[in-house]
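Asker: would you be able to build a 3D model of this:
(one chain, ligands or ions: 1)
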Amino acid sequence: MTSSKNPETIALHAGWRKDDSTNSVAVPIYQTTSYQFNSQEHAANLFSLKELGNIYTRIMNPTTAVLEERIAQLEGGLAAVAVSSGQAASAFAIQNLCRAGDNIVSSTDLYGGTWNQFENTFKQLGIEVRFADPADPNSFAELTDDRTRGYYAETLPNPKLHVFPIAEVAEIGKKLGIPLIVDNTSAPITCKPIKHGAAVVVHSLTKWIGGHGNSIGGIVVDGGNFDWTKFPDRQPLYNEPEPSYWDWVLGKVVPEVLGANITFAVRARFVLLRDLGSALSPANAFNIIQGLETLPLRVRQSQENAEKVASHLANKKGVSRVIHPSHQEGIYKERAGKYLEEGNGSLVGFELEGGLEAGKEFIDKLKLFYHVANIGDSRSLAIHPASTTHSQLSADDQVRAGVTPGYVRLSVGIEHIDDIIADLDQALA
Ligand code: PLP
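Answerer: Okay, the predicted model is just below:
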């Protein structure tokens, strides 16, 4: 346990000191489905939320709880709910606000999987996602109507790497009773969206937080800073009786019973995890904790390497453009300076003058970098989006998404910088 505000200490100490029965220092894998109740009264109290405690691993687990506490503290939130993947985290964040007929307004600059989830699967469920231009915060207000329940964006979306105007859009939403959800997968430690007014943060734990590339996971963090009852018509799920919890009005009852504004997290856990599943397994929670414990150090190292890679590539023959916050101008430079407080992230894009063929050839020549669709590993990773992740888009849509034929995306790892640069140089030669 720790009262420290420093990420290096939180990542190692929050939510855990030792196992009281064995004195184990490492967080154990509590590989159990169920928990013996102390008495009938104890069980009844747990089910009625008069007391918080373990009931069943689909809803909560002590290994997962350590992970949740650490991420909640690192993000400056009040509570967190871990789920089986980053995709489940974005789905839960939306389903915790919307019923069929409702809508959210989302930034256009999204991970492709999130885009598909919003544009196709949610549409089929009767939840509309309207896409706003992140360059102009007012575009969110323009697309809002009476059925808009949330705003959604990524902090540092690739391939463009334009930082999202978090405070500007959060402020627009606050006046209307609309919470801003931020996917902070690409900027853990570096950016604190809740501090800037976001109500909810989601992460794919699969990326930098796990870091070892061995486990898929996701998390939803409740900032504890949003008033769910101020505009009752805006948030019906928090202001109308909840039929599966004795007709409680969750926005009122949860803060009263639990003494904290963790209503969003409570609903995600006790309604969505209960009804939809998508629980993170305790073994994967353990694996992700192993990565999390060194996250602040790894983020620092990979960001430092990424800065060096970006400056190196900027002077390289055959490279026409470098895409990295350190190479941006105007409003994008300002936003990066305002929101990326601890470094510019570890994603770097660059364009090869030779276009499509040069991009494909470059990837095939890499020896140290792994050629994978993932990002955020401790190892350096690369991909050529025009021939892979974005190949189903038309040429015009690719350019609109920020993918030119010669664009290469790098997720820079924590290897020695000399080896990273040497691999890039030999592949460019
Ligand atoms: N959000 C972002 C920014 C991502 O890059 C990804 C995956 O690449 C996801 C969410 C989805 O995460 P997962 O693969 O853990 O489902």
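
Asker: what does this structure put close to the ligand?
Answerer: 85-87, 111, 113-114, 154, 183, 185-186, 204, 206, 216, 218, 375 (CB under 6 Å from any ligand atom). Where C-beta positions appear, they are placed from N, C-alpha and C, glycine not excepted.

Asker: need the buried ones from these selected in ChimeraX.
Answerer: To isolate the buried members of the residues of the chain next to the ligand in ChimeraX, using 16 or more other CB atoms under 10 Å:
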select :85,86,87,111,114,154,183,185,186,204,206,216,218,375
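
Asker: nearest to the ligand, of the residues of the chain next to the ligand?
Answerer: Nearest to the ligand among those is residue 86, at 2.2 Å by CB to the nearest ligand atom.

Asker: what's near enough to touch the nearest residue to that closest one once chain neighbours are set aside?
Answerer: Sequence neighbours aside, residue 204 is the residue nearest to residue 86 in space, at 2.5 Å (criterion: CB to CB, 6 or more residues apart in numbering). Shown in contact with residue 204 (CB atoms under 8 Å, 6 or more residues apart in numbering): 85, 86, 87, 89, 183, 185, 217, 218, 376.

Asker: show the pLDDT at the residue lying closest to residue 58 once chain neighbours are set aside.
Answerer: Distances taken as CB to CB, 6+ apart put residue 279 closest to residue 58, at 4.8 Å, once the chain neighbours are dropped. What the model reports for residue 279 is a pLDDT of 98.

Asker: cool, and residue 400?
Answerer: pLDDT at residue 400 comes out at 85.

Asker: please report how far it lies from residue 147.
Answerer: Distance of residue 400 to residue 147, given as CB to CB, to the nearest Å: 27 Å.

Asker: likewise residue 95?
Answerer: Distance from residue 95 to residue 147, by CB to CB: 15 Å.

Asker: quick one: which of those two has more around it?
Answerer: residue 95 (20 against 15; other CB atoms under 10 Å).

Asker: I'd assumed residue 275 was in contact with that one.
Answerer: No. Counting by CB atoms under 8 Å, residue 95 does not reach residue 275; the two are 9.6 Å apart.

Asker: now the strands for this structure?
Answerer: 79-83, 103-107, 128-132, 148-154, 180-183, 200-204, 218-222, 241-242, 248-249, 319-323, 347-352, 370-371, 381-383, 407-411 (DSSP state E).

Asker: buried sites along the second one?
Answerer: Of the residues in strand 103-107, those buried by neighbour count under the rule 16+ other CB under 10 Å are 103, 104, 105, 106, 107.

Asker: what is that strand packed up against?
Answerer: With contacts defined as 3 or more CB pairs under 8 Å, 6 or more residues apart in numbering; DSSP states H and E, strand 103-107 has these neighbours: strand 128-132, strand 148-154.

Asker: what angle separates the last one from strand 103-107?
Answerer: Strand 148-154 and strand 103-107 meet at an angle of 20 degrees, taking axes from the mean of the first three to the mean of the last three CA atoms, to 10 degrees as the criterion.

Asker: for strand 148-154, what is the average pLDDT?
Answerer: In this model, strand 148-154 has an average pLDDT of 98.

Asker: show me what that strand is packed against.
Answerer: helix 86-95, strand 103-107, helix 166-176, strand 180-183.

Asker: can you tell me which of these is most buried?
Answerer: strand 180-183 (a mean of 30; mean count of other CB atoms under 10 Å).

Asker: just the mean pLDDT for it, thanks.
Answerer: Per-residue scores along strand 180-183 average to 99.

Asker: report the helix or strand with the lowest average pLDDT across the chain.
Answerer: helix 395-400 (a mean of 86; mean pLDDT, DSSP states H and E).

Asker: list the buried residues in that one.
Answerer: So for helix 395-400, counting by 16+ other CB under 10 Å, buried means residue 398.

Asker: any stretches of the chain with poor pLDDT?
Answerer: For the chain, no stretch has pLDDT under 70.

Asker: same thing but at 90, please
Answerer: 1-2, 48-51, 389, 391-401 (pLDDT under 90).

Asker: and the residue nearest the centre of it?
Answerer: residue 203 (2.1 Å; CA atoms, centre = their mean).

Asker: list the residues that contact that residue.
Answerer: Residue 203 neighbours (CB under 8 Å, 6+ apart): 71, 86, 89, 183, 184, 185, 188, 209, 218, 219, 221.

Asker: change it to 6 Å
Answerer: Contact partners of residue 203, counting by CB atoms under 6 Å, 6 or more residues apart in numbering, are 184, 185, 219.

Asker: what sits up against stretch 156-174?
Answerer: By CB under 6 Å, 6+ apart, the list of residues contacting stretch 156-174 reads 109, 134, 137, 140-141, 151, 153, 155, 180, 186-187, 193, 196-198, 323, 332, 335-336, 339, 345, 347, 349, 402-403, 409.
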